[in-house]
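Q: make a model of this:
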Amino acid sequence: MSPILFSEFASACRRIGATSKRTLKVEVLANFLRTLRPDEVVPAVTFFSGHVFPGADERVLDVGGQTVWKMDRKSNQSTLMFQPATLLDVYETFDRIAKATGSGSRQKKGSLVETLLGRLDTSDTEYLLRIIFGEMRIGAVEGVMLDAIAAASSIQLETVRRAYMLLGDLGRVAHLSLTEGRAAVEAVRVELFVPIRPMLAEMAQNPGEVFKEHGGITALEFKYDGARVQLHGMDRRIRIFSRRLTDVTDSLPDVVKLVKDSIDAGAREFLVEGEVVAIGEGGKPYPFQDLMRRFKRVHDVKSMTTQVPLKLYLFDVVYLNGKMLIDAPNEERWAILQALVRPDLLATRIVSSRVDDAKELMQQAILAGHEGIMAKDLGSSYTPGVRGKKWFKIKPVETLDVVIVAADWGSGRRKGWLSNYHLAVRDDQTGEYFLVGKTFKGLTDDEFSMITEKLLALKTRATDYTVYVKPAIVVEVAFNEIQRSPHYRSKFALRFARITRIRDDKRPEDADTQSKLATLYEDQFRFKAKGDFDN
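A: Have a look, this model is predicted:
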């Protein structure tokens, strides 16, 4: 079988992007996947998804946007004698770019990009650049890719989806499905030191709604103002993964020691989940941004363990001594967790059928400096990567996780900073980012300075006033209400939006969606009148 040319991949991208019909997107993707050699599956699926490397892969290209755009303009002066690049040529070149470090690395990276661009036809370079900048935007979103993998391999969609939730890697699931078949996909289990996608929660407006959904009784837990982690252990070896499935073990040696000292000696193999909270004076949690400094720390980690001490609160166990527990009910998993760790490591939790208990626990959580409470169906299984009504989060202030797609230069006291941020939600079908408003509120001077530096590194183009960036930075915003807006493609605008924190623990793909925004908009009218003028 001849190797797939990148031009064939680009042609498939054009066909996928040209239709808004999900079924046609799936058909084109599935047909393309069937033509691939085994070593081409992972690169193809990764590129279609708009990534340079698979999700949990920590390699980065680290090439500047302006540099690449300039190269693109001059590199397509290629002669007719150029050797066309294959899909694997592109993937392998990306690997070489990521590995280029040290003195002269910028020049080497630039040379590799320039050479690669010179091996592509002008019409195909667009898709190379879209991959590099994470802006594929052809609608090959996660759900579409899973449908295509299932269709191409003739394996039931639910089987493919479950494997993905446990492995967290579309490329690996596609490779298993297309090269090893149904039995291999059905055999996928939790693998220690391979992070699983975390179970997700819906937002609830009030506790009464939760009790109704959970049959009159539910488990209520503190929703900590921390960072979610999953801890994998085998024979005293511990690895810690973030919500984004990134290995953060080396930044958290104190948490590693805590787990080793606190887990029952009979737990030879385990995967537990919890929240890490940075603790300040009086036992109150530090702001989320201070905690994030620990997660990204690679130098002088030892001194940071003293400056920013951490506390671990565990709330779930999904694997223990060879037994996968994701299908066990929440109540059973909690009982196992209680027997597994010291009581002081457990999340604050009660089981209740009273709304007043939920309100009281909410007040306790807020007074303790945390976000609110979680409500968990006692009979619920653990569904990795799935958002549903088995878990609810209840917070006193409504927030959305949105992506910064551009920023305006500030004036007055904010002069010299990119400080008016263009906020966007993600479209469920296409993966595009739609504006929902702008804000300059909520950040400190230090944060304005820090985020300006980050945004300039993500710049794709600019005017005298506005810098447009690769969608990469996720921020949590609070707002007063959602309004209809004819000015934005999202059709909505956030009134009085203000940034409450920068979500370094979330990928842009984890941002809230257009459909969630629409649902929240409609939910407002349970308490307000709705006039025909708003339709």
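Q: which residues touch residue 349?
A: 219-222, 315, 334 (Cβ atoms under 8 Å, 6 or more residues apart in numbering). Yep, even glycine has a C-beta here, placed from its N, CA and C like the rest.
Q: cutoff 6 Å now
A: residue 221 (Cβ atoms under 6 Å, 6 or more residues apart in numbering).
Q: lowest average confidence, helix or strand, in this structure?
A: Sorting the helices and strands of the chain by mean pLDDT, DSSP states H and E puts helix 65-75 at the bottom, at a mean of 57.
Q: show me what the mean pLDDT comes to for stretch 358-371.
A: Averaging pLDDT along stretch 358-371 yields 91.
Q: can you point out the buried residues in whichever helix or strand comes after the least confident helix or strand of the chain?
A: Reading on from helix 65-75 to the C-terminus, the next helix or strand found by DSSP states H and E is helix 87-99. Within helix 87-99, the residues scored as buried using 16 or more other Cβ atoms under 10 Å are 87-91, 93-94, 97-98.
Q: let's have the residues you listed in TSV, adding distance to residue 469.
A: Formatted as TSV, these follow (distance: Cβ to Cβ, whole Å):
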residue	distance to residue 469
87	28
88	30
89	29
90	24
91	25
93	24
94	21
97	20
98	21
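Q: how about CSV for these, with pLDDT added?
A: Shown next, in CSV, are those (pLDDT from 0 to 100):
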residue, pLDDT
87, 97
88, 97
89, 96
90, 97
91, 97
93, 96
94, 96
97, 94
98, 93
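Q: and the furthest pair within those residues?
A: For these, the farthest-apart pair by Cβ to Cβ is 87 and 98; their separation is 17.1 Å.
Q: returning to what we had before: what's the closest of the buried residues of helix 87-99 to residue 433?
A: Once Cβ to Cβ is applied, the member of those that ends up nearest residue 433 is residue 94, at 23.4 Å.
Q: that closest one against residue 52, yeah?
A: Yes - Residue 94 lies in contact with residue 52 (Cβ atoms under 6 Å); the separation is 5.3 Å.
Q: would you mind measuring from the closest residue to residue 194 other than its chain neighbours to residue 185?
A: Setting aside the residues directly before and after it, residue 194 is nearest to residue 167 in space (Cβ to Cβ, 6 or more residues apart in numbering), at 6.4 Å. Look at residue 167 and residue 185: by Cβ to Cβ, to the nearest Å, they are 10 Å apart.
Q: where's the helix or strand harbouring residue 312 relative to the chain centroid, distance-wise?
A: Residue 312 belongs to strand 310-320 when assigned by DSSP H and E. Relative to the centre of its chain, strand 310-320 is centred 20 Å away, using Cα atoms, centre = their mean, to the nearest Å.
Q: and if you look at stretch 378-393?
A: In terms of Cα atoms, centre = their mean, the centre of stretch 378-393 is set 18 Å apart from its chain centre.
Q: not counting it itself, show me its contacts.
A: Identification of contacts with stretch 378-393 by Cβ under 6 Å, 6+ apart yields 165, 196-197, 199-204, 210, 213, 219, 223, 318, 326-327, 329-331, 374-377.
Q: show me which of those are buried.
A: Among the contacts of stretch 378-393, the ones that count as buried by 16+ other Cβ under 10 Å are 165, 196-197, 199, 201-204, 210, 213, 219, 223, 318, 326, 330, 374-377.
Q: ok, back up a step: narrow the contacts of stretch 378-393 to those in strands?
A: Members of the contacts of stretch 378-393 lying in strands (criterion: DSSP state E): 200-203, 219, 223, 318, 374-376.
Q: max pairwise distance over those residues: which two?
A: For the ones in strands among the contacts of stretch 378-393, the farthest-apart pair by Cβ to Cβ is 203 and 318; their separation is 23.1 Å.
Q: for this protein, give me the ranges with low pLDDT.
A: Counting by pLDDT under 70, the chain has low-confidence residues at 64-82, 289, 412, 526-535.
Q: how is it divided into domains?
A: 6-182, 200-394, 399-532 (automatic domain parsing).
Q: give the buried residues for stretch 214-232.
A: Under the neighbour-count criterion of 16+ other Cβ under 10 Å, stretch 214-232 has 214, 218-232 buried.
Q: and which of those is nearest residue 287?
A: Each of these was checked against residue 287 using Cβ to Cβ; the closest is residue 225, at 7.9 Å.
Q: does the closest one touch residue 372 like I think?
A: No - counting by Cβ under 6 Å, residue 225 does not reach residue 372; the two are 9.4 Å apart.
Q: about what we covered before: count of residues packed around the residue nearest to residue 194?
A: Counted with other Cβ atoms under 10 Å, the neighbours of residue 167 add up to 24.
Q: how near is it to residue 124?
A: 31 Å.
Q: for residue 321, same thing?
A: 51 Å.
Q: one more: residue 500?
A: From residue 500 to residue 124 the distance is 42 Å (Cβ to Cβ).
Q: for residue 6, same thing?
A: To residue 124, residue 6 is 6 Å away according to Cβ to Cβ.
Q: residue 487 too?
A: Computed as Cβ to Cβ, the residue 487 to residue 124 distance reads 35 Å.
Q: with residue 363 instead?
A: Taking Cβ to Cβ, one finds residue 363 at 59 Å from residue 124.
Q: same check, this time on residue 508
A: According to Cβ to Cβ, residue 508 stands 25 Å off from residue 124.
Q: residue 349 too?
A: Look at residue 349 and residue 124: by Cβ to Cβ, they are 54 Å apart.
Q: now do the strands in the stretch 251-400 of the chain.
A: Assigned strands in the stretch 251-400 of the chain, in chain order: 269-278, 310-320, 323-324, 349-352, 372-376, 387-394, 399-409 (criterion: DSSP state E, counting those that start in this stretch).
Q: surely residue 270 touches residue 234?
A: No - between residue 270 and residue 234 no contact is recorded; they are 8.1 Å apart, counting by Cβ under 6 Å.
Q: of those two, who's got more company?
A: residue 270 (25 against 14).
Q: ok, the more buried one - contacts?
A: 233, 320.
Q: related to what we said a few turns ago, out of residue 363 and residue 124, which sits in the busier spot?
A: Comparing residue 363 with residue 124 by neighbour count (other Cβ under 10 Å), the higher total belongs to residue 124, at 23 against 12.
Q: secondary structure class for that one?
A: Here residue 124 is helix, with the state taken from DSSP: H, G, I helix; E, B strand; the rest coil.
Q: before we move on, what about the one 10 residues further on?
A: Using three-state DSSP, the structure places residue 134 in coil.
Q: one more: residue 12?
A: Per three-state DSSP, residue 12 ends up helix.
Q: find the nearest non-adjacent residue to it, please.
A: In this structure, residue 12 finds its nearest non-sequential neighbour in residue 32, 4.6 Å apart by Cβ to Cβ, 6+ apart.
Q: the one you found contacts residue 11, correct?
A: No - look at residue 32 against residue 11 with Cβ under 6 Å: they stay out of range, at 9.2 Å.
Q: these two: who's more crowded?
A: Comparing residue 32 with residue 11 by other Cβ under 10 Å, the one with more neighbours is residue 32, at 21 against 16.
Q: for residue 238, see how far away the more buried one is.
A: Distance from residue 32 to residue 238, by Cβ to Cβ: 41 Å.
Q: cool, and residue 255?
A: In terms of Cβ to Cβ, residue 255 sits 8 Å off from residue 238.
Q: tell me if residue 130 really is in a helix.
A: Yes - assigned with three-state DSSP, residue 130 falls within a helix.
Q: the nearest residue to residue 266 once chain neighbours are set aside - how many residues pack around it?
A: Of all residues not flanking residue 266 in the chain, residue 321 sits nearest, at 7.6 Å (Cβ to Cβ, 6+ apart). Residue 321 has 9 neighbours, counted by other Cβ under 10 Å.
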